[in-house]
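Quick one: sequence and predicted model below, then my questions.
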Amino acid sequence: MRNNIILGNNETGERIYLTSKNKRNTPDRLQLKKYSPKLRKRVVFTEVK
């Protein structure tokens, strides 16, 4: 079953990306490199509860 998750950046406090993941295949927190408009570069966004 796929659940919607929000991706956030701890450095700037941004929570601007929404994606989905399969909890059975990836039970740990997801980390993706995404573009941050505040920093104007790609940074690591992690799954927010």
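Looks like it came in fine.

Show the contacting residues for the residue most central in space within the chain.
Nearest residue to the geometric centre of the chain (CA atoms, centre = their mean): residue 7, 2.4 Å. Applying CB atoms under 8 Å, 6 or more residues apart in numbering to residue 7 gives the contacts 15, 16, 17, 18, 19, 30, 32, 34, 45, 46, 47, 48. Quick note: C-beta positions are derived from backbone N, CA and C, even for glycine.

Run through the protein and note the low-pLDDT ranges.
The model of the chain has no residue with pLDDT under 70.

what about the residue sitting furthest away from the middle of the chain, distance to residue 36?
Distance from the C-alpha centroid of the chain peaks at residue 1, with 18.4 Å (CA atoms, centre = their mean). Per CB to CB, to the nearest Å, residue 1 is found 30 Å from residue 36.

so residue 7 is in which element?
strand 2-8 (DSSP states H and E).

Quick check: next helix or strand after that strand?
strand 17-22.

the inter-axis angle of that next one versus strand 2-8?
With axes from the mean of the first three to the mean of the last three CA atoms, to 10 degrees applied, the angle from strand 17-22 to strand 2-8 works out at 140 degrees.

Strand 17-22: how far from the chain's middle?
Computed by CA atoms, centre = their mean, to the nearest Å, the separation of strand 17-22 from the middle of its chain amounts to 8 Å.

helices and strands around it, which ones?
The elements that strand 17-22 packs onto, with contact taken as 3 or more CB pairs under 8 Å, 6 or more residues apart in numbering; DSSP states H and E, are strand 2-8, strand 31-36.

what comes into contact with the shortest one?
Spelled out, it's strand 31-36. Contacts for strand 31-36 (CB under 8 Å, 6+ apart): 7, 9, 11-12, 14, 17, 19, 41-47.

repeat that with 6 Å
For strand 31-36, contacts defined as CB atoms under 6 Å, 6 or more residues apart in numbering pick out 9, 17, 42, 43, 44, 45, 46.
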